[in-house]
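K.L.:
What would the 3D arrangement of this be:
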Amino acid sequence: MAYPKLTDKPGALETAAAIRKGDLTPHEAVDAAIVRIGKLDSEINALAVPDFERAYAEARAKEEQAIHPNGAPDFQPLFGVPMTVKESFDVEGLQSCWGHEHLTDYIAPRDSELVRRLKAAGAIIIGKTNVPIDLSDWQSFNSVYGRSNNPHNPERSPGGSSGGSAAAVASGMVPCEYGTDIGGSVRVPAHFCGIWGHKTSWGLVSKRGHDHPQMAKREGFVAAHDGALSIAGPLARTAGDLALLTELGASVPLRRSKKRLRDCRILAITEFPDSPVDVSVLEPTNTALKRLERGGLKIDHASKLVPDLARQQEDYLRMLNICMARGAPSPDGKQASAADWFDLLDAQAANEFLWAQLFETYDFVLAPPAPVLAIPHLDGSVFNSTIRVNGEDMPAGAGLTWAGLASFPNLPSTVLPIGHGTYEGAKLPCGMQVIGPRWSDLDCIAAADTLATILHG
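P.N.:
Next up is the predicted model:
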């Protein structure tokens, strides 16, 4: 099964190891990334806010630190590694406008909590990557930064809302990134661009400093909590990098299971009420499942333990819409009440309990990240339009079912590339998500790594 890679550039761990050995300096690593951006980004347009001058200065400072007798501390696993973050994360001194022209005057006064952690681990932030307006599309374009293109096919979307993130990683501009996900915004770009992505357990990685600039501009504003459903999660080209980035961002210690994947029970979900999967996704998914079974894995294809997915999707979409609108009236004029919100919280808690019961029997659930591969560019939002599934137009919102599968019950989900399919006449990458119990983030990544070994050798 072909593995859709575009670059052989080293990942984060490999780059850090080369720097520690003295085979590469932080300045050389930063310069190489910036040169790659110069060569590639005119067509891809992944980078929204460059920060090259400060990156070079930080690289020089790290080189002086490395030659000092005390040198680079062992607890900086990303020492000298250049990377980017999604435009919506605050980086001190850089613009964060979420695609709005009227908010370009907002300059972050301090680093977000996640950026602070990445810098403490030795990473050098060389810029921020493109997003859709208000992070609410499976495309990444706006009037401020323009349109990001899929590095596999510039006529296709790299996904959203972490589309610039995935495009930068897939093309080899940077070894790794951090994005966010509420409706598949890490998983779908990873799927569209043929890389690894991880939706963390809700609440694992702090999103403090990831606030809409309209609110952040208010005098005295302090964000003290993470919004419902939304998470921060990494993108990379290797499972090892994904695991490291997850651990660096984690606010609580994560467990690691010693159970071998071959001893695990796995459930595959490839059908969802009212959300058919296009053959371009279903064929490589079924091929991968058969190969995994031939490789010795035990995979069930149905279970009575699966919660009512239609009900789950209905509740998820209601909660998602309220979150994205921050409680404002919907287009039909209806507005959720406090009672509506508490009812949704109750439904979410019940749904999370049902998934916990399922995971008493199964170790992991495998599923498509989206019903289609990378979509053609649209002038407007995907979710105000339709997507083509098996030759028929379907409301794009129905595609969110596969994101909500893990989002509504607050579960971790790792996307790994499994091969490719042909969608609307184009050969494109295809991914698969590995979902596990809450807080089993590292186990999901490790399981995905083993799956990739079986699939790709």
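
K.L.:
Quick check: the gap between Arg20 and Ala55.
P.N.:
19 Å (Cβ to Cβ, to the nearest Å). C-beta coordinates here come from the backbone N, C-alpha and C atoms, glycine included.

K.L.:
more crowded one of these two?
P.N.:
Ala55 (23 against 17; other Cβ atoms under 10 Å).

K.L.:
hang on, isn't the more buried one packed against Lys128?
P.N.:
No - using Cβ atoms under 8 Å, Ala55 makes no contact with Lys128, being 11.9 Å away.

K.L.:
What segments of the stretch 51-200 of the chain are helices?
P.N.:
52-67, 113-120, 163-171, 187-193 (DSSP state H, counting those that start in this stretch).

K.L.:
can you give me the strands in the stretch 351-457 of the chain?
P.N.:
Using DSSP state E, counting those that start in this stretch, the strands of the stretch 351-457 of the chain run over 364-367, 386-389, 392-395, 413-423, 426-435.

K.L.:
Among these, which comes closest to Pro77?
P.N.:
Nearest to Pro77, of all these, is strand 413-423, at 19.6 Å by Cβ to Cβ.

K.L.:
who does the closest one touch, helix- and strand-wise?
P.N.:
The helices and strands touching strand 413-423, judged by 3 or more Cβ pairs under 8 Å, 6 or more residues apart in numbering; DSSP states H and E, are helix 187-193, strand 196-199, helix 239-249, helix 279-294, strand 426-435, helix 441-456.

K.L.:
Of the ones you listed, which is nearest Ala120?
P.N.:
The minimum distance between Ala120 and the helices and strands packed on strand 413-423 falls on helix 239-249, with 8.4 Å, by Cβ to Cβ.

K.L.:
could you point out which element follows the closest one?
P.N.:
Next along the chain after helix 239-249, taking DSSP states H and E as the criterion, comes strand 265-268.

K.L.:
Direction included, what does that next one pair up with?
P.N.:
strand 298-300 (parallel), strand 364-367 (parallel) (DSSP bridges).

K.L.:
average pLDDT across the longest helix along the chain?
P.N.:
In the chain, assigned by DSSP state H, the helix with the most residues is helix 338-358. Averaged across helix 338-358, the pLDDT comes to 97.

K.L.:
I would like the residues contacting it, please.
P.N.:
The contact list for helix 338-358 (Cβ atoms under 8 Å, 6 or more residues apart in numbering) reads 228, 267, 303, 305-307, 312, 315, 318-319, 322, 327, 365, 408-411, 437-438.

K.L.:
Report the buried members of those residues.
P.N.:
Among those, the ones that count as buried by 16 or more other Cβ atoms under 10 Å are 228, 267, 306-307, 312, 315, 318-319, 322, 365, 408-411, 437-438.

K.L.:
winner for burial among the strands paired with strand 265-268?
P.N.:
Mean neighbour count (mean count of other Cβ atoms under 10 Å) peaks for strand 364-367 among the strands paired with strand 265-268, with a mean of 24.

K.L.:
ok, residues contacting it?
P.N.:
264, 266-270, 289, 299, 358, 402, 405, 432-436, 443-444, 447.

K.L.:
cool, and stretch 311-324?
P.N.:
Contacts of stretch 311-324 (Cβ under 8 Å, 6+ apart): 134, 136, 182-183, 227-230, 272-275, 330, 336, 340-341, 344, 347-348, 351, 397, 400-401, 404-405, 407-409.

K.L.:
Kindly report the same for stretch 383-396.
P.N.:
The contact list for stretch 383-396 (Cβ under 8 Å, 6+ apart) reads 136-138, 275-279, 371-372, 375, 378, 382, 397, 399, 424.

K.L.:
quick one: Glu155 and Arg147, what's the gap?
P.N.:
Between Glu155 and Arg147 the distance is 11 Å, computed by Cβ to Cβ.

K.L.:
hmm, back to that, select, out of the strands of the stretch 351-457 of the chain, the one closest to Ser165.
P.N.:
For the strands of the stretch 351-457 of the chain, proximity to Ser165 was assessed by Cβ to Cβ; strand 413-423 is nearest, at 12.9 Å.

K.L.:
Show me what the mean pLDDT comes to for the closest one.
P.N.:
98.

K.L.:
and it, C-alpha only, in CSV?
P.N.:
Taking C-alpha atoms only, strand 413-423 is exported to CSV below (Å, rounded to 0.1, in the frame of the first residue of the first chain):
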residue,chain,number,x,y,z
SER,A,413,-7.9,10.1,18.4
THR,A,414,-4.7,9.6,16.3
VAL,A,415,-4.8,9.9,12.5
LEU,A,416,-2.2,7.9,10.6
PRO,A,417,-1.8,7.8,6.8
ILE,A,418,-2.9,4.5,5.3
GLY,A,419,-2.5,5.0,1.6
HIS,A,420,-4.4,6.8,-1.1
GLY,A,421,-7.6,6.8,-3.1
THR,A,422,-9.0,8.6,-6.1
TYR,A,423,-11.5,11.3,-5.4
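
K.L.:
which sections of the stretch 51-200 of the chain are below the confidence cut-off?
P.N.:
Along the stretch 51-200 of the chain, segments meeting pLDDT under 70 span 66-74.

K.L.:
before we move on, the earlier item: let's have the helices and strands packed on strand 413-423 in CSV, adding distance to Pro417 and mean neighbour count.
P.N.:
Shown next, in CSV, are the helices and strands packed on strand 413-423 (distance: least, Cβ to Cβ, whole Å; neighbours: other Cβ atoms under 10 Å):
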stretch, distance to Pro417, mean neighbour count
helix 187-193, 8, 33
strand 196-199, 7, 32
helix 239-249, 11, 24
helix 279-294, 10, 18
strand 426-435, 5, 25
helix 441-456, 8, 22
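
K.L.:
for these, which one sits closest to Tyr178?
P.N.:
Taking the helices and strands packed on strand 413-423 one by one with Cβ to Cβ, helix 239-249 is closest: 6.7 Å.

K.L.:
tell me the mean pLDDT for the closest one?
P.N.:
Model confidence over helix 239-249, given as mean pLDDT, is 98.

K.L.:
With stretch 263-274 instead?
P.N.:
96.

K.L.:
how long is it end to end?
P.N.:
33 Å (Cα to Cα, to the nearest Å).

K.L.:
Repeat that for stretch 396-407.
P.N.:
Stretch 396-407: ends 17 Å apart by Cα to Cα.

K.L.:
from now on call the first residue 19
P.N.:
All right, first residue 19 from here; so that's stretch 414-425.
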